[in-house]
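Asker: Only the shape, not the letters, is given here:
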């Protein structure tokens with residue numbers, strides 16, 4: 001069982017930056033590590049993912065060019081968020097998948113989840 005813990009959320013003004021961290025108990029079995037977010041009343045949305053062993057990244061259209069996923073070490077992933085907008089306000093979740101050949105964008109493909117961290121962007 002992989003345990004994931006997010007940190008780094010908070011309140012930031014529009015145009016600002018924030019970095020989230022995801023610490024994993026073990027990534028040996030994981031093909032993908034990803035980030036999702038969920039705003040009140042909305043479905044969980046794909047933010048981005050990394051093919052963990054190769055370092056290849058994929059991003060959702062709404063964050064492309066503003067957010068970057070970084071592999072800090074074998075068990076730590078960052079989400080660097082720049083040029084933040086009020087519509088980025090959500091609870092952000094780290095997720096892990098041991099399944100090869102997934103679409104990467106569907107939450108159901110990730111069996112491991114963190115508890116989430118709140119990001120609030122004020123206008």
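Answerer: Structure's in. What do you need? As the structure is a computational prediction, the values presented were derived from the model and not from experiment.
Asker: wait, what's in contact with residue 31?
Answerer: Applying CB atoms under 8 Å, 6 or more residues apart in numbering to residue 31 gives the contacts 51, 52, 53, 97, 98, 99, 100, 102. In this view, the C-beta of every residue, glycine as well, is placed from N, C-alpha and C.
Asker: again, but for residue 109
Answerer: With CB under 8 Å, 6+ apart, residue 109 has these contacts: 97, 99, 102, 103.
Asker: remind me which residues of the protein are low pLDDT?
Answerer: Residues of the chain meeting the criterion pLDDT under 70: none.
Asker: rerun that using 90 as the cut-off
Answerer: By pLDDT under 90, the low-scoring segments of the chain are 100-102.
Asker: Not counting its neighbours along the chain, what's nearest the residue sitting furthest away from the middle of it?
Answerer: When each C-alpha in the chain is compared with the mean C-alpha position (CA atoms, centre = their mean), residue 123 comes out farthest, at 22.5 Å. Leaving aside its sequence neighbours, residue 123 sits nearest to residue 86 (CB to CB, 6 or more residues apart in numbering; 4.7 Å).
Asker: same question, residue 107
Answerer: In space, residue 107 is closest to residue 44, 4.8 Å off (CB to CB, 6+ apart).
Asker: Show the contacting residues for that neighbour.
Answerer: 36, 37, 38, 93, 107.
Asker: And the third one, its phi and psi?
Answerer: Backbone dihedrals for residue 38, given as degrees, to the nearest 10, come out at phi -140, psi 120.
Asker: That one contacts residue 91, doesn't it?
Answerer: Yes - look at residue 38 against residue 91 with CB atoms under 8 Å: they come within range, at 5.3 Å.
Asker: show me what contacts the most centrally placed residue in the chain?
Answerer: What sits nearest the mean C-alpha location of the chain, by CA atoms, centre = their mean, is residue 35, with 1.9 Å. Counting by CB under 8 Å, 6+ apart, residue 35 makes contact with 20, 22, 47, 48, 49, 67, 69, 79, 92, 93, 94, 95.
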